[in-house]
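A.B. asks: When you get a sec, could you give me coordinates for this:
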Amino acid sequence: MIDFQNVTKRFGTQTVLDGVSFRIHPGERVGIVGPNGAGKSTLAALLIGDHLPDGGEVQIAKKLRMGFLRQQLRPDQVSETLLEYAEHAVPRLAVIEHEISTLEAALAVGHEPAATDSHAGDCCLEVGAADPDADSAPQIPLSLEERERTLRRIGELQTEFEHEGGYDLRHRAQAILCGLGFSPEVFKKPFRAFSGGWQMRAELTRALLTRPDILILDEPTNYLDVPAVEWLRAYLESFTGTLLLIAHDRYLLDSLTRVTLEVAGARVTRYQGNYDYYIRERRQRHDNLLAAKENLDRKREQLERFVDRFKATASKASQAQSKQKQLDKMEEITLPEEIIHPPHIRLPEPPHCGVEIIRAEDVGVTYDGTRWVLKNINFRLERGEKAALIGMNGMGKTTLLRVLGGQLKPTAGKRGLGHQVLCGYFSQDFTETMDASRTVFGTARQAAPDMPEKQIRATLGSFRFSGDATEKTVSVLSGGEKSRLALLRLLVRPANFLILDEPTSHLDIASREVLERALREYAGTLLIVSHDIEFVRKTATTIFFLDEKGLTRYYGDYDYFRTKRAEQAAASRQGTSAAANQRTESAEPAKAEVRKEQKREEAQRRNELYKKRKPLEDEVARCEKLITELETEQTDITEKLYCSTEALDFPALNRRLADIQGLIATTTESWEKSAMALEALLESNG
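C.D. replies: Residues are numbered from 1 along each chain as shown. Model prediction:
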């Protein structure tokens, strides 16, 4: 379906992709990962045609609809309402509607409509400017043959309209908009009136609405809150086309993808698994190659010593020449560019404080005196707790953090810190409060004037600022660098209560993982807001959920919160709240019998699923084991051919190499078939 053949792409003197070749098969769910600036978005731009390759060829099967999420918008050129903008994601539907209405109007008056230019090769009609003499011009009634032709054309257009999803377009648009956090009250609001983050949600709606064969999403969660990310994950799980997901969101990558493409060092490497598999496999491949390279380098050094020692000795000259030939034939093993992980961040030991960290009682906030952003909020944290605040955008999460962090005085209620509590507050606009003319080192020094210079530089190194980077001014830093420096400025100050509002914005995956580890090891108290679900899962041990009903606390991590929310939603749908507790005793035996029957049916279904699933899982495991064994044997034979100084049966080894390559190809094909069948089976059974 998608085939990159020796593709090269340059921007000025920088080569972003160098001779890249890979293939994406129909229906594959692919995660595209790599360091910032490695070329992931360039890959997407080549696919959608925004860029052309400087060398090689990008082949995409014809007649496939492609949906994609653009990161660059031009809202000033959009005049529609939010709902209209979403619906116009499929412009072909408007063309079909126009032609149908024109043909129906011609049938109603009994005259053939004026011929117009066709659209995209279709026989559609467009209404032009009115002819002032049209009323007086003679009109020829439609003949029977013309009426039949017109009716037949209307039928064809209606069939196409239905196939394109035109009849349920508005319903689908409204459902997706609501799922991504829009309320129905804003559907008629002008698109250009929304902020950039909400406009990106509307753009994501358009990408999903097109029902594409290939869906390309470039950082779709950048402006989504946690509930919207969960909705998007559920929506994409049922997507049946080919999915290409460029993201730093490990939760989505692990949940949705089955293939990973790593873009690094101007190369693209394919891994047959999700992000978690890719991390393990990449490390294993690197270790194997490193061992092979060390072994090869050791043998090369031995041969070079022999040649240098005996090349001038007559009795050993022929042997030295033979060794030199072996040296000349030995190929260099090139290690893939290693992704440099940031060093570990060590946070200062928090000062001692009381057991109660913070308390908020009946807090309310209104900015205009009429509409309450927050009302009757009660909140309490104790020493050592690590909490996350979750809720849809617009519910007041940032406002609540500002109140708790002492940045905003509540309109009603009160907020108080515990004994000797020192609060560190990181806001979404914290990066803008830094002096743009100050250097990186100067900014860190200003934040911790009593810290020794050696310790400051060590801390800067843990945030990936070392060498000349410490002398850069803030004005020239990228978004990610500013975020890291802003976090450093906060974290070097000894604090026993940290409030972090979207601390992972602009951070790549490696930086997020390092920050996660530092916060897990942090001995103080933590409160975070983040749309990165994996970050929340790895750091928070208690969850606060904010919605229109108020603030609810869940005494468990994010997975516990999800489970409880799902149980509450199921109970609400099934009406199993107070009414369920008032069932009559006479109905209980019947209900118990029904439950028993349901359990028997569920057990039977599980058994049937197991019988179908087990052979596929066994085949997948067999293929994976065989491929690993074949690749190991292939490596061993290759090393013998190039490195061994012993007499070898070269024809036999070369034949075995050819056999191994064929076996790897056929086994990989069997693995793909079984893996896809297993995936389809599991998806069909929920």
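
A.B. asks: mind checking how far Gly550 is from Glu513?
C.D. replies: Plainly put, Gly550 is 34 Å away from Glu513 if you go by CB to CB, to the nearest Å. For every residue, glycine as well, the C-beta is placed using N, CA and C.

A.B. asks: Also Val30?
C.D. replies: Going from Val30 to Glu513 by CB to CB gives 22 Å.

A.B. asks: neighbour-wise, which of those two wins?
C.D. replies: Val30 (21 against 18; other CB atoms under 10 Å).

A.B. asks: so is the more buried one in a helix, a strand, or just coil?
C.D. replies: strand (DSSP: H, G, I helix; E, B strand; the rest coil).

A.B. asks: just checking, it touches Arg23?
C.D. replies: No. Counting by CB atoms under 8 Å, Val30 does not reach Arg23; the two are 10.7 Å apart.

A.B. asks: Report the residue ranges of every domain in the chain.
C.D. replies: Split into domains by automatic domain parsing, the chain comes to 1-64+215-273, 73-89+167-212, 91-127+139-163, 278-329, 356-570, 608-684.

A.B. asks: can you put those in CSV and add distance to Arg346 and mean pLDDT?
C.D. replies: Formatted as CSV, these follow (distance: least, CB to CB, whole Å; pLDDT from 0 to 100):
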stretch, distance to Arg346, mean pLDDT
domain 1-64+215-273, 23, 89
domain 73-89+167-212, 34, 86
domain 91-127+139-163, 55, 70
domain 278-329, 23, 81
domain 356-570, 7, 88
domain 608-684, 38, 78
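
A.B. asks: Just put those in CSV and tack on distance to Pro348.
C.D. replies: Below are these laid out as CSV (distance: least, CB to CB, whole Å):
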stretch, distance to Pro348
domain 1-64+215-273, 27
domain 73-89+167-212, 34
domain 91-127+139-163, 57
domain 278-329, 30
domain 356-570, 5
domain 608-684, 46
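
A.B. asks: nearest to Glu349, of those?
C.D. replies: Using CB to CB as the measure, domain 356-570 is the one of these that comes nearest Glu349, at 6.7 Å.

A.B. asks: first to last residue in the closest one, what's the distance?
C.D. replies: Using CA to CA, to the nearest Å, the span of domain 356-570 from its first residue to its last is 35 Å.

A.B. asks: Report the distance from that domain to the chain centre.
C.D. replies: In terms of CA atoms, centre = their mean, to the nearest Å, the centre of domain 356-570 is set 22 Å apart from its chain centre.

A.B. asks: cool, stretch 174-188 as well?
C.D. replies: 22 Å.

A.B. asks: tell me which residues in it are buried?
C.D. replies: Neighbour counts over stretch 174-188 (16 or more other CB atoms under 10 Å) mark Gln174, Ile176, Leu177, Gly179, Leu180, Gly181, Phe182, Phe187 as buried.

A.B. asks: before we move on, what about stretch 294-307?
C.D. replies: Buried residues in stretch 294-307 (16+ other CB under 10 Å): Leu296, Lys299, Arg300, Leu303, Phe306, Val307.

A.B. asks: now those in TSV, with distance to Val363?
C.D. replies: Shown next, in TSV, are these (distance: CB to CB, whole Å):
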residue	distance to Val363
Leu296	67
Lys299	71
Arg300	71
Leu303	76
Phe306	80
Val307	81
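
A.B. asks: Among these, which lie within helices?
C.D. replies: Among the buried residues of stretch 294-307, the members falling in helices (DSSP state H) are Leu296, Lys299, Arg300, Leu303, Phe306, Val307.

A.B. asks: thinking the fourth one is in contact with Asp328, fair?
C.D. replies: No. If you go by CB under 8 Å, Leu303 and Asp328 don't touch, sitting 10.1 Å apart.

A.B. asks: Ramachandran angles for Arg520?
C.D. replies: phi -60, psi -40 (degrees, to the nearest 10).

A.B. asks: sec struct for Val7, please.
C.D. replies: The three-state assignment at Val7 reads strand, by three-state DSSP.

A.B. asks: What residues are bridge-paired with it?
C.D. replies: With DSSP bridges as the criterion, Val7 is bridged to Val20.

A.B. asks: now do Arg359
C.D. replies: Arg380, Gly416.

A.B. asks: ok, it to Ile377 distance?
C.D. replies: Noted for Arg359: a distance of 11 Å to Ile377, by CB to CB.

A.B. asks: neighbour count winner among these two?
C.D. replies: Ile377 (24 against 16).

A.B. asks: what packs against the strand or helix carrying Gly197?
C.D. replies: Using DSSP states H and E, Gly197 falls within helix 196-209. Judged by 3 or more CB pairs under 8 Å, 6 or more residues apart in numbering; DSSP states H and E, the packing partners of helix 196-209 are strand 66-68, helix 82-87, helix 169-179, strand 214-218, helix 226-237.

A.B. asks: Quick one: the strands in the stretch 301-450 of the chain, in order.
C.D. replies: Assigned strands in the stretch 301-450 of the chain, in chain order: 356-366, 372-382, 386-390, 412-417, 423-426 (criterion: DSSP state E, counting those that start in this stretch).

A.B. asks: With the stretch 1-150 of the chain instead?
C.D. replies: Counting by DSSP E, counting those that start in this stretch, the strands of the stretch 1-150 of the chain are 2-11, 14-24, 29-33, 55-60, 66-68.

A.B. asks: can you put the ones you listed in JSON lines and add distance to Phe463?
C.D. replies: As requested, those are exported to JSON lines (distance: least, CB to CB, whole Å):
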{"stretch": "strand 2-11", "distance to Phe463": "28"}
{"stretch": "strand 14-24", "distance to Phe463": "25"}
{"stretch": "strand 29-33", "distance to Phe463": "22"}
{"stretch": "strand 55-60", "distance to Phe463": "38"}
{"stretch": "strand 66-68", "distance to Phe463": "34"}
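
A.B. asks: To Tyr251, which of these lies closest?
C.D. replies: strand 29-33 (11.5 Å).

A.B. asks: Which elements pack onto the closest one?
C.D. replies: helix 40-48, strand 242-246, helix 250-256, strand 259-264, helix 275-310.

A.B. asks: Give me the residues contacting stretch 201-208.
C.D. replies: 67-70, 73, 82, 85-86, 88-89, 173, 176-177, 180-182, 191, 194, 215, 217, 220, 223-224, 228, 232, 235 (CB atoms under 8 Å, 6 or more residues apart in numbering).

A.B. asks: Identify the residues contacting Arg233.
C.D. replies: Counting by CB under 8 Å, 6+ apart, Arg233 has contacts Tyr251, Leu252, Ser255, Leu256.

A.B. asks: Tyr522: which of the helices and strands packed on helix 196-209 is closest?
C.D. replies: Once those are compared by CB to CB, helix 226-237 is nearest, at 21.7 Å.

A.B. asks: can you dump the C-alpha coordinates of the closest one into CSV?
C.D. replies: Below are the C-alpha coordinates for helix 226-237, written out as CSV (Å, rounded to 0.1, in the frame of the first residue of the first chain):
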residue,chain,number,x,y,z
VAL,A,226,-7.1,13.0,29.5
PRO,A,227,-10.9,12.2,28.9
ALA,A,228,-10.4,13.3,25.2
VAL,A,229,-7.3,11.1,24.9
GLU,A,230,-9.2,8.1,26.2
TRP,A,231,-12.1,8.8,23.8
LEU,A,232,-9.6,9.1,20.9
ARG,A,233,-8.0,5.8,21.9
ALA,A,234,-11.4,4.0,22.0
TYR,A,235,-12.3,5.5,18.6
LEU,A,236,-9.1,4.5,16.9
GLU,A,237,-9.3,1.0,18.3
